[in-house]
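A.B. asks: predicted structure and sequence below. I'll ask about it afterward.
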Amino acid sequence: MENNDIPAIEARSLTIGYGKRVVQKDLSFAIRSGTITCILGGSGCGKSTLMKHLFGLYRPLSGDILIQGESIVSASSEEDRHRIMRHFGVAYQNGALFRSMSVAENVALPLREFTKLKEPEIQAVVQKKLQQVGLDGFGSFMPSDLSGGMVKRAAFARAMALDPAILFFDEPSAGLDPISSANLDRLILDIREQTGATIMIVTHELPSIFTVADRIIMLGAGAGGIIGDGSPADLKEHTDSDFVRSFLNRRTGDPAADMDNARS
């Protein structure tokens, strides 16, 4: 039984980067189960890099990441690490669907790889996931036959195939028109309602942030750490950071001052 007192995700003094290059340092936060959190910040601040560390694609330079109380960094074996990673479902910015496979085959892929379900059971799960994302009847379509919004929905369905406790969405609204983006926001809220999953989103789309996020974590430029953490409405009005306030209110300012504030 899940203990709701244990954070779904916890970062402890986390420093991330590549080789000797530090992207962000000393990040500490805890994500409550069942919430929607948006990671945001200026271009190049490390939003997607942080997400890729959280779901285990990269190992941090230092610090720890706990998933429902278990460290993914110091797991005793690769087998144990992969078991923890089974808590995740990931939808990448471009969908990352296999173009040679139909939509249904893409969604079925993790079920075939990580479960022992028989084919009729796999097809039943695929049908359910496609219904959940509004793609009922599109299973036989190829990714090239879909609109941008439909590709995102298919990627959501694949991310949800194994019923993960935590979903990561990287720039889900990128490249979409305003109506498709708004529809995707509603879908994200529906997914949380239907599944109870904890959802983390990397985005810079302000309408989406104010629609779906319970909490935002804003990263500063130049390994500036967390410069804003709270609800979107609260940070929009009450943050001490001019950069965070300007970002959330879409106000322009002096670029040099903006960069200085982003690092503070």
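C.D. replies: Arrived safely, thanks for sending.
A.B. asks: may I see the buried residues of the biggest helix by length in the chain?
C.D. replies: In terms of residue count, the longest helix belonging to the chain (DSSP state H) is helix 178-195. Going by neighbour count (16 or more other Cβ atoms under 10 Å), the buried part of helix 178-195 is 180-181, 183-185, 187-188, 191-192, 195. Placement of C-beta: from N, CA and C, glycine included.
A.B. asks: tell me the gap between the strand or helix carrying Ile199 and the middle of its chain.
C.D. replies: Taking DSSP states H and E as the definition, one finds Ile199 inside strand 198-202. The chain centre lies 4 Å from the centre of strand 198-202; the measure is Cα atoms, centre = their mean, to the nearest Å.
A.B. asks: just the C-alpha atoms of that strand, please, in CSV.
C.D. replies: The C-alpha trace of strand 198-202 is given here as CSV (Å, rounded to 0.1, in the frame of the first residue of the first chain):
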residue,chain,number,x,y,z
THR,A,198,2.1,12.1,-10.0
ILE,A,199,2.9,14.3,-13.1
MET,A,200,6.1,16.3,-13.8
ILE,A,201,6.2,18.6,-16.8
VAL,A,202,9.0,20.5,-18.4
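A.B. asks: tilt between it and helix 178-195?
C.D. replies: With axes from the mean of the first three to the mean of the last three Cα atoms, to 10 degrees applied, the angle from strand 198-202 to helix 178-195 works out at 160 degrees.
A.B. asks: so what secondary structure elements neighbour the next helix or strand after strand 198-202?
C.D. replies: Under the assignment DSSP H and E, the closest C-terminal helix or strand after strand 198-202 is helix 206-212. With contacts taken as 3 or more Cβ pairs under 8 Å, 6 or more residues apart in numbering; DSSP states H and E, helix 206-212 sits against strand 36-41, helix 178-195, strand 198-202, helix 232-238.
A.B. asks: would you mind giving the ones you listed as CSV with mean pLDDT and distance to Pro172 added?
C.D. replies: Conversion of these to CSV gives the following (pLDDT from 0 to 100; distance: least, Cβ to Cβ, whole Å):
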stretch, mean pLDDT, distance to Pro172
strand 36-41, 94, 10
helix 178-195, 95, 6
strand 198-202, 97, 6
helix 232-238, 89, 16
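A.B. asks: of the ones you listed, which is nearest Asp64?
C.D. replies: With Cβ to Cβ as the criterion, Asp64 lies closest to strand 198-202 of these, at 17.2 Å.
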